[in-house]
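> Give me a model of this one.
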Amino acid sequence: MRKMVLVFALTATSAAVSATTVLTEQNIARLEAALPELVAIEQDNPQGLTKLRLKKHCDWQQHASDLRQQEQGKAYVAEVDQVLAKHQLTAPLFLELTAKGSWPLLQSLQPVQQLTRQSLPFLPESQRRIAEQKIQQTEQMQQAIGPCLTAADKTALKQYQQRLLKLAASLPGAAF
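Next up, the predicted model:
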């Protein structure tokens, strides 16, 4: 099975980010270079990452540690570590970069969520449950990431919006 890179790293290496935003040209280029390699890594249960939920705090080191603990003992974690190191990314940086970089996609899904929510009563039960789960997951991500966006992040998101949308939309599991 192919690893479904939902946009989250599996390592717990630590690095302080001194920039006011991680959404820089250099970091986005690193992410673009690393993602194809990360997607190619095989893992035990790629669907498991679609159920990942960020907690409502902006401690990216803690998010990375939590994910690392969840994936502990799995052989592909070392491969992820190698790819991140090769592209000069740490797990907290990768996690913050991908989470914040997904914001334009999350925002663009709001009209779809609204329409889906309105159509829920008319869907068969199995489709309704799936739609409700996707709406809930998207809303949870919006609630977890939104408060972490600084003024510098918001400026960078505007600057790199089309690039980030293209990048996020190309990820497995990113489609609504």
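> Apart from its chain neighbours, what residue comes closest to Thr33?
Quick fix: residue 33 reads Ala, not Thr. For Ala33, ignoring the flanking residues on the chain, the nearest one in space by CB to CB, 6 or more residues apart in numbering is His87 at 5.4 Å. Just so you know, the C-beta spots here come from the backbone N, C-alpha and C atoms, and that holds for glycine as well.
> ok, which stretches of this protein are helices?
25-40, 60-70, 76-86, 91-101, 103-108, 110-119, 125-145, 151-159, 161-169 (DSSP state H).
> residues touching the closest residue in space to Gly146 that isn't next to it in sequence, list them.
Leaving aside its chain neighbours, Gly146 sits nearest to Trp103 (7.6 Å; criterion: CB to CB, 6+ apart). Trp103 sits next to 145-146, 149, 153, 157, 164 when contact means CB atoms under 8 Å, 6 or more residues apart in numbering.
> Against Ala156, how distant is Trp103?
10 Å (CB to CB, to the nearest Å).
> sorry, back to before: export the helices of the chain as CSV, with columns for distance to Arg53.
CSV is the format used below for the helices of the chain (distance: least, CB to CB, whole Å):
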stretch, distance to Arg53
helix 25-40, 20
helix 60-70, 10
helix 76-86, 19
helix 91-101, 12
helix 103-108, 14
helix 110-119, 17
helix 125-145, 6
helix 151-159, 21
helix 161-169, 18
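> out of those helices, nearest to Leu54?
When the helices of the chain are compared by CB to CB, helix 125-145 sits nearest Leu54, at 3.9 Å.
> Please tell me how far the residue sitting furthest away from the middle of the chain sits from Gln133.
For the chain, the largest distance from the centre (CA atoms, centre = their mean) belongs to Phe122, which lies 30.8 Å off. As for Phe122, its distance to Gln133 is 17 Å (criterion: CB to CB).
> And Ala91, by the same measure?
27 Å.
> wait, isn't Pro104 in contact with Arg163?
No: Pro104 is beyond contact range of Arg163, at 9.3 Å (criterion: CB atoms under 8 Å).
> Could you check which of the two is surrounded by more residues?
Neighbour count, other CB atoms under 10 Å: between Pro104 and Arg163, Pro104 has more, with 21 against 15.
> who are the neighbours in contact with that one?
157, 161, 164-165, 168.
> And those residues, which is closest to Arg128?
Ala168 (26.0 Å).
> What does the pLDDT read for that closest one?
Turning to Ala168, the model gives it a pLDDT of 82.
> ditto for Leu67
For Leu67, the pLDDT comes out at 87.
> Same question for Met4.
So Met4 comes in at 37 (pLDDT).
> follow-up on the earlier one: could you flag which of the contacts of Pro104 are buried?
157, 164-165, 168 (16 or more other CB atoms under 10 Å).
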